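[1] missing the sequence, but the structure's below:
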């Protein structure tokens, strides 16, 4: 297995990462995966490698081929790993884990390694960092922060294609229920609690 610094070098020199899926995001997902590995028995080699390479091919949120991004990423990761001393017997496991990690792809994980990667990635969409990433993406897509008439979707259906804060209601607040592992589910709930506090504060500030 290559040293983790080799993965970092590969990402910096071969991947086009955006501000919400940058190297710092990858490093946080790796850290999340390592935390989950403390309570979830799995192949560490597969999990950590998949975490480092899970976003090595990124398509914008509004790209028409967005749902196929994880397939492009998985294929690119395997091409890279074949040039290293990574065990050939584990390539399919890495490919599946990266393929299944994507929310938009809608692919169910078929291994504990894939479940851990999916959980680790989704945790980074929640909490303080999740709020920051959501706002970054909304700004990149030139979407207003909230609907002035109904900021928190109290009497309308959320539309995160138009309003940034609506993404909390269309996706982010639903993520804890999608977590595969108990430890990730518990952490996700804590992070959502913080996000709800943020919205309460935002509500008082915008009147």
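    Noted; the coordinates are in hand. Every value quoted in this text rests on a predicted model; they were computed, and no experiment measured them.

[2] for the helix or strand containing residue 5, packing partners?
    Secondary structure from DSSP states H and E places residue 5 in helix 4-14. Packing contacts for helix 4-14, counted by 3 or more Cβ pairs under 8 Å, 6 or more residues apart in numbering; DSSP states H and E, involve helix 23-37, helix 44-53. For glycine as for every other residue, the C-beta is placed from the backbone atoms N, C-alpha and C.

[3] Outside of that helix itself, list whatever touches it.
    For helix 4-14, the surrounding residues in contact (Cβ atoms under 8 Å, 6 or more residues apart in numbering) are 17, 23, 26, 30, 48-49, 52-53, 56, 80, 84.

[4] Pick out whichever of those residues sits closest to residue 37.
    Nearest to residue 37 out of the contacts of helix 4-14 is residue 48 (Cβ to Cβ; 8.0 Å).

[5] and the residue nearest to the spatial centre of the chain, what are its phi and psi?
    When Cα atoms, centre = their mean is applied to the chain, the residue found nearest the centroid is residue 121 (3.5 Å). Phi and psi for residue 121, reported as degrees, to the nearest 10, are phi -70, psi -40.

[6] Ok, residue 102 next?
    phi -70, psi 130.

[7] Which pLDDT does the model give it?
    We have a pLDDT of 89 for residue 102.

[8] Equivalent analysis for residue 65, please.
    At residue 65, pLDDT is 60.

[9] Show me the shaky parts of this protein.
    1, 59-68 (pLDDT under 70).

[10] all helices for it, in order.
    4-14, 23-37, 44-53, 69-81, 91-101, 112-123, 127-140, 166-170, 175-178, 182-206 (DSSP state H).

[11] With distance to residue 148 as added columns, please give these in JSON lines.
    Below are those laid out as JSON lines (distance: least, Cβ to Cβ, whole Å):
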{"stretch": "helix 4-14", "distance to residue 148": "40"}
{"stretch": "helix 23-37", "distance to residue 148": "31"}
{"stretch": "helix 44-53", "distance to residue 148": "40"}
{"stretch": "helix 69-81", "distance to residue 148": "33"}
{"stretch": "helix 91-101", "distance to residue 148": "36"}
{"stretch": "helix 112-123", "distance to residue 148": "30"}
{"stretch": "helix 127-140", "distance to residue 148": "15"}
{"stretch": "helix 166-170", "distance to residue 148": "13"}
{"stretch": "helix 175-178", "distance to residue 148": "27"}
{"stretch": "helix 182-206", "distance to residue 148": "8"}
